[in-house]
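> here is a sequence together with a model predicted from it:
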Amino acid sequence: MDVRKRFRAIMAGKRLVLMPGAYDALSARIIEAEGFEALVAGGYAAIGSMLAQADMGQCNMRDYADHYARICAAVKIPVYVDADTGFGGVNNVRQMVRAFEAAGVAGLFISDQVFPNRCGYLPGKQIIPVEQMLAKIKAALDARRDGDLFIAARTDAAGVAGIDAAIARSRLFMQAGADMAKPMGVDTVAEIKRVMREVGGPHMATLSQAAGRKARSLEELEAAGVCAATFPSLPLFAAAQAVRNVLGILKRENSLAACEQHVMPLEDYYDLVDLKALLAREQNYDQAASALVHERAAE
């Protein structure tokens, strides 16, 4: 089963699948190595890792397409990605879908924010008229070459006009043919149950560091029927803290030895980046080339 069919199976499932957020290819490889079935790659982590900035829509479509392609190439599990606002009008949305599909993503979501998009948990958001968003959804659906590419529509209306407006938009998104409608910021279990009841379709919960602490457990989400939970910034924050800690030790102790217990062993790192396979491939090509030279010399 290819990654897109596997992702659709996850979204149609009855159990909660955990999807950590990759900020680059290496973090994606770690997520896969730890046994997770799928991952998410969002703008918050991408802009943090690529630009060391907060997510306020600074990257363009090509930046994301290249970034997601590297992540997809590093793993064999489905990758679900952030497409911001679609990066413009319907023609921009079409180009984005084609580029992200070529990058290998299993699914993507488009937001109804005014360009430039910003993290849904940051203040200052604005949303476009619902008619414009419906046109973008239709353009995205028409642009996909693979019918299994999962296309979701996200609304930030809850933080602008309230949950009723977010639900009304989400229902229209589903009627337009989106595979999922996601009201951003609707995070409590009671709100999620209402969305699932009134909007329909699968529901993916977002557990982001940017959202702050919220009283909900994974057990509650699964009991409510949520099929997936994303942790879009958890690896990014963990990596930032780990790097800060070990460099603080190096600075204070003026010693590499003091850092050793805080870093991945060399053998584990080489296993992670598949060094043995790279060396074996190199050796196989070298041997084949050498054999060809000897064969020609003997003629």
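Right, received. Where do you want to start?

> in the stretch 101-250 of the chain, which spans are helices?
Taking DSSP state H, counting those that start in this stretch, the helices of the stretch 101-250 of the chain run over residues 130-143, 158-161, 163-175, 189-198, 218-224, 234-253.

> tell me which of those approaches L51 most closely.
Among the helices of the stretch 101-250 of the chain, helix 234-253 comes nearest to L51, with 12.6 Å by Cβ to Cβ. Bear in mind the C-beta positions are built from the backbone N, C-alpha and C, glycine included.

> does L108 have any beta-bridge partners, and if so which?
Beta-bridge pairing for L108 (DSSP bridges): V81, I151.

> what would the helices of the stretch 101-250 of the chain look like in JSON lines with mean neighbour count and mean pLDDT?
Below are the helices of the stretch 101-250 of the chain laid out as JSON lines (neighbours: other Cβ atoms under 10 Å; pLDDT from 0 to 100):
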{"stretch": "helix 130-143", "mean neighbour count": "19", "mean pLDDT": "98"}
{"stretch": "helix 158-161", "mean neighbour count": "18", "mean pLDDT": "88"}
{"stretch": "helix 163-175", "mean neighbour count": "20", "mean pLDDT": "97"}
{"stretch": "helix 189-198", "mean neighbour count": "16", "mean pLDDT": "94"}
{"stretch": "helix 218-224", "mean neighbour count": "15", "mean pLDDT": "94"}
{"stretch": "helix 234-253", "mean neighbour count": "14", "mean pLDDT": "97"}
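
> got the ones you listed as CSV, with distance to V17 columns?
Listed next are those as CSV, based on distance: least, Cβ to Cβ, whole Å:
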stretch, distance to V17
helix 130-143, 23
helix 158-161, 24
helix 163-175, 21
helix 189-198, 16
helix 218-224, 10
helix 234-253, 15
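
> nearest to R94, of those?
Here helix 130-143 is closest among those (Cβ to Cβ), at 4.2 Å.

> domain map for the protein?
Per automatic domain parsing, the domain ranges recorded for the chain read 3-232, 233-263, 266-299.

> what lies in contact with the top helix by length along the chain?
Determined from DSSP state H, the single longest helix within the chain is helix 275-298. Residues outside helix 275-298 that contact it (Cβ atoms under 8 Å, 6 or more residues apart in numbering) are Y270.

> what number of residues lie near the closest residue to S233 other than its chain neighbours?
In space, S233 comes closest to Q209 once its chain neighbours are excluded; the distance is 4.5 Å by Cβ to Cβ, 6 or more residues apart in numbering. Using other Cβ atoms under 10 Å, Q209 has 16 other residues around it.

> just the CA coordinates for the longest helix of the chain, please, in CSV.
Output in CSV follows, covering the C-alpha atoms of helix 275-298 (Å, rounded to 0.1, in the frame of the first residue of the first chain):
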residue,chain,number,x,y,z
LEU,A,275,25.8,4.7,6.6
LYS,A,276,26.2,0.9,6.0
ALA,A,277,23.8,1.0,3.1
LEU,A,278,25.5,4.1,1.6
LEU,A,279,28.9,2.4,1.9
ALA,A,280,27.6,-0.8,0.4
ARG,A,281,26.1,1.0,-2.5
GLU,A,282,29.3,2.8,-3.2
GLN,A,283,31.3,-0.4,-3.0
ASN,A,284,28.9,-2.2,-5.4
TYR,A,285,29.2,0.5,-8.0
ASP,A,286,32.9,0.7,-7.7
GLN,A,287,33.2,-3.1,-8.1
ALA,A,288,30.9,-3.1,-11.1
ALA,A,289,32.9,-0.3,-12.7
SER,A,290,36.2,-2.1,-12.0
ALA,A,291,34.8,-5.4,-13.4
LEU,A,292,33.8,-3.6,-16.6
VAL,A,293,37.2,-2.1,-17.1
HIS,A,294,38.9,-5.5,-16.6
GLU,A,295,36.4,-7.1,-19.0
ARG,A,296,37.2,-4.6,-21.7
ALA,A,297,40.9,-4.9,-21.1
ALA,A,298,40.8,-8.6,-21.6
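
> distance from the chain centre to that helix, please.
Remark: helix 275-298 is offset 38 Å from the chain centroid, using Cα atoms, centre = their mean, to the nearest Å.

> what is the mean pLDDT for that helix?
Helix 275-298 shows a mean pLDDT of 94.

> out of the helices of the stretch 101-250 of the chain, nearest to I71?
Nearest of these to I71, taken as Cβ to Cβ: helix 234-253 at 11.8 Å.

> quick one: list the elements packing against that closest one.
In this structure, helix 234-253 packs against helix 25-33, helix 43-51, with contacts taken as 3 or more Cβ pairs under 8 Å, 6 or more residues apart in numbering; DSSP states H and E.
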